[in-house]
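Got a predicted model here, sequence first, then my questions.
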Amino acid sequence: MPPSTMTAPHASAHAAPETLLDREWLVANGLGGYASATVSGACTRRYHGLLIAALPAPLGRVVMFNHLSEELKLENGEAFRLDADDPLSPDSSAASVPVRFELEEGLPVWRYRVGPFEVERRIVLPHLQNTVAVVYRVVSAPAALRLRLRPSFHFRPHEAPVAGGATGPYEVASAGRRIEVRAGGLPPLRMWMHARKSSLVLDGGRTRSIHYRWEKARGYDYEGPVWSPGYFRADLAANEEAVLVASTESWDTLEAIEPTALIDSEIGRRRRLIAQAPEAAREGLGAAMVLAADQFIIRPAARVADEAVAHAAGDDARTVIAGYHWFTDWGRDTMISLEGLTLSTGRHREGGYLLRTFARYVRDGLIPNLFPEGQKEGLYHTADATLWFFHALHRYVQTTGDRETMRQLLPTLGDIVDHHLRGTRFGIRVDGDDGLLTQGQDQYALTWMDAKVGDWVVTPRRGKAVELNALWYNALRLLETWRREEGDAPGADHLAELAERTRHSFNARFWNAEAGCLYDIVDGERGLDPAIRPNQVLAISLDHPILDENRWAAVVDVVRQKLLTPYGLRSLAPGHPDYKATYDGDLRSRDAAYHQGTVWGWLIGPFVDAWLRVHPDRRAEARDWIDGFENHLPAGCVGSINEIFDAEAPYHPRGCVAQAWSVAEVLRCLLKTRC
């Protein structure tokens with residue numbers, strides 16, 4: 001294997017055991033599948049495992065390979081474990097602590113030292129395969145040692161409770177060093193060991209329990225069974241490798257290329273991602289974000305028809321996983337993330353794929369809010385995702401010059417505007433009295449502040465939301481420009497009239513003179529909402545700002561004083577009765593804090609845009625805010641950025657451990673502040 005280049009910061013393995021349990025790693029396969037666990041090796045979430053395969057609907061993502069017990073046995077009979085259990089588990093036992101953990105090309109690598117023996121382990125998921133390769137290399141050894149690997153399984157949907165019954169009984173078939181495990185009508189899991197001297201031992205099967213401490217903290221079932229049919233073993237000398245491969249792919253696919261060559265191909269692919277990125281993103285924080293961005297851009301494996309329809313048109317299908325571990329692909333997150341994930345990384349073609357894929361799903365003037373796990377059709381309860389679609393297309397055309405895609409989508413964009421003017425689902429419509437966009441339907445949260453527990457909509461924002469009208473105005477102006485450029489002057493003039501009316505009403509109705517900033521909602525369930533929230537920055541940050549320029553500085557100053565933190569913007573200013581400083585506890589407690597103070601990383605993007613619009617000569621301060629995210633990379637999910645953070649110092653990372661729009665906006669602004 002060729003030498004690797006460091007592309008993410010070192011995560012010290014000499015930290016306290018609790019720290020190694022809190023730090024996580026993630027490798028994705030470009031299909032929505034992934035592998036993930038803690039740096040210590042313990043599985044602490046229901047989503048942790050060495051292979052969570054992305055399978056066609058109605059299956060979705062399924063935990064196929066949960067855990068791997070790893071033991072090194074020396075010639076003198078001494079044995080050492082490499083894997084770890086949660087120390088809070090009553091069945092836990094001691095394991096060797098890695099002397100080093102780091103990412104190389106975004107892939108996790110551990111180094112263990114046992115006396116004079118040094119062993120390296122790395123995990124690779126080949127692109128566009130539901131396959132994992134766990135690679136062991138003996139770095140130095142005075143004598144041969146034996147590696148024993150016992151895989152454990154609990155086939156289940158990755159969102160299913162860990163205490164649920166296994167989909168067994170498991171059927172096992174073996175031939176030589178190969179094994180197939182089947183259960184519950186799922187594709188078989190195929191495994192084999194690639195090494196100079198290895199064997200497979202089936203010992204009748206064993207069941208044990210895993211303690212998932214994060215599930216306990218989140219109020220869910222936290223003790224779950226795993227079953228093992230036996231173990232692989234290999235004898236290794238210095239500089240020798242053993243590769244354990246597990247996959248739901250066919251044997252023909254697995255035999256097409258040697259495991260070591262497969263691993264080299266994936267490392268080469270990742271190096272090319274860095275090479276094609278802009279120069280400012282080829283090292284340090286930028287390079288880490290380029291590789292983190294790769295985790296979210298996927299082919300929609302669960303929706304086979306997507307690719308069939310795209311291929312019939314000579315195209316390809318792409319979508320974006322909003323966040324790992326539990327999110328699927330969301331329209332809003334995809335459109336906000338598109339620029340950072342594809343245009344800021346040199347992956348322009350995939351940006352076009354994303355836009356055209358979602359355009360095929362427009363219904364009644366809306367793009368889907370999300371695609372539920374394992375389902376083929378989207379849910380459309382969103383008022384802002386479709387408006388972000390205009391923004392994403394504009395940035396795509398600006399960067400690539402691909403006006404053909406713009407022309408192809410013009411009829412769809414016109415249909416979207418017409419539906420909003422007439423009124424579409426969920427009460428989304430333009431108010432004929434003032435030209436402002438309003439929305440709302442009982443039991444639905446349609447903006448990005450969408451937390452809901454049972455029948456409780458935590459942040460009710462029915463009415464005319466500040467960011468929705470900023471996005472609506474921006475969409476009207478963009479479509480006006482495109483129609484004018486394409487020779488449709490009457491259509492463009494009509495849009496200009498609509499936009500001007502919206503702008504006039506917005507500035508007359510949203511300005512809160514007492515606070516020196518904008519109302520969050522007008523004509524809401526309680527009339528005017530003076531809560532100081534980050535949504536107002538979009539009235540300045542978008543390409544066509546709706547807010548009068550003489551008010552920009554005041555809004556930016558209020559947001560900076562009340563909402564800015566080292567990791568993005570608070571969702572609500574301290575001092576408000578609903579403000580929550582921390583995001584923790586059970587589901588109800590967490591959702592009560594989700595948009596009530598909790599910091600969102602993606603919001604640093606709109607804030608930087610607004611800041612530079614007001615202070616174009618103070619770019620250094622914006623650079624410092626982006627550079628600050630580098631301090632987060634060794635924490636949370638190493639090499640990526642969490643979805644959210646506590647609202648107060650020390651700003652503990654929370655929510656999804658790797659979030660698309662957090663990564664995308666940090667990368668986009670990193671490039672912007674270095675121009």
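Nice, I can see it. Just so it is clear, the structure is predicted and the values come from calculations on it, not from any experiment. Numbering: from 1, shown residues only.

where does the residue located most distally from the centre of the chain land in three-state SS?
For the chain, the residue at maximal distance from the C-alpha centroid (CA atoms, centre = their mean) is Asn76, at 46.2 Å. Classification of Asn76 using DSSP: H, G, I helix; E, B strand; the rest coil returns coil.

In a helix, Leu671, correct?
Yes: assessed with three-state DSSP, Leu671 lies in a helix.

Count the neighbours of Glu249 for me.
By the criterion of other CB atoms under 10 Å, Glu249 has 17 neighbours. The way it works is simple: take the backbone N, C-alpha and C, and place the C-beta from them, glycine included.

Surely it touches Gln129?
Yes: because the distance of 5.5 Å satisfies CB atoms under 8 Å, Glu249 is recorded as touching Gln129.

shaky segments in the protein?
1-17, 85-97, 165-167 (pLDDT under 70).

what are the ranges of the helices in the stretch 401-550 of the chain?
Ranges of helices in the stretch 401-550 of the chain, per DSSP state H, counting those that start in this stretch, are 403-422, 466-485, 489-509, 538-541.

Could you look over the ones you listed and pick the most buried one?
Mean neighbours per residue, mean count of other CB atoms under 10 Å, is largest over these for helix 538-541, with a mean of 26.

Enumerate the positions of the next helix or strand after it that are buried.
Per DSSP states H and E, the first helix or strand lying C-terminal to helix 538-541 is helix 552-563. Of the residues in helix 552-563, 552, 554-556, 558-560, 562-563 count as buried by neighbour count, 16 or more other CB atoms under 10 Å.

repeat for stretch 253-261
Buried residues in stretch 253-261 (16+ other CB under 10 Å): 254, 259.

Can you pull the domain assignment for the protein?
17-271, 277-672 (automatic domain parsing).

any chance you could map the strands in the stretch 151-300 of the chain?
Using DSSP state E, counting those that start in this stretch, the strands of the stretch 151-300 of the chain run over residues 156-157, 171-175, 178-182, 189-195, 198-211, 223-236, 241-247, 297-298.

Rebuild the ones you listed as JSON lines, extending it with mean neighbour count.
As requested, the strands of the stretch 151-300 of the chain are exported to JSON lines (neighbours: other CB atoms under 10 Å):
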{"stretch": "strand 156-157", "mean neighbour count": "20"}
{"stretch": "strand 171-175", "mean neighbour count": "12"}
{"stretch": "strand 178-182", "mean neighbour count": "19"}
{"stretch": "strand 189-195", "mean neighbour count": "22"}
{"stretch": "strand 198-211", "mean neighbour count": "14"}
{"stretch": "strand 223-236", "mean neighbour count": "20"}
{"stretch": "strand 241-247", "mean neighbour count": "23"}
{"stretch": "strand 297-298", "mean neighbour count": "23"}
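
Take the ones you listed and write them to JSON lines, including distance to Val114.
Below are these laid out as JSON lines (distance: least, CB to CB, whole Å):
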{"stretch": "strand 156-157", "distance to Val114": "34"}
{"stretch": "strand 171-175", "distance to Val114": "30"}
{"stretch": "strand 178-182", "distance to Val114": "28"}
{"stretch": "strand 189-195", "distance to Val114": "19"}
{"stretch": "strand 198-211", "distance to Val114": "20"}
{"stretch": "strand 223-236", "distance to Val114": "13"}
{"stretch": "strand 241-247", "distance to Val114": "16"}
{"stretch": "strand 297-298", "distance to Val114": "38"}
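
wait, which of these is closest to His391?
strand 297-298 (18.3 Å; CB to CB).

contacting residues for Arg613?
Residues near Arg613 by CB atoms under 8 Å, 6 or more residues apart in numbering: 540-541, 545, 552.

quick one: it is in a helix?
Yes: according to three-state DSSP, Arg613 belongs to a helix.

ok, how many other residues are close to Tyr112?
Neighbours of Tyr112 (other CB under 10 Å): 23.

Got phi/psi on it?
Backbone torsions of Tyr112, given as degrees, to the nearest 10, read phi -120, psi 150.

Which residue is the nearest non-sequential neighbour of it?
In space, and not counting its chain neighbours, Tyr112 is closest to Val119: 4.9 Å by CB to CB, 6 or more residues apart in numbering.

before we move on, what about Asp586?
Per CB to CB, 6+ apart, closest to Asp586 is Gly219, 3.3 Å.

Any figure for the gap between Val132 and Ala246?
Counting by CB to CB, to the nearest Å, the separation of Val132 from Ala246 is 5 Å.

And Ala57, by the same measure?
Taking CB to CB, one finds Ala57 at 23 Å from Ala246.

try Pro577
Taking CB to CB, one finds Pro577 at 52 Å from Ala246.
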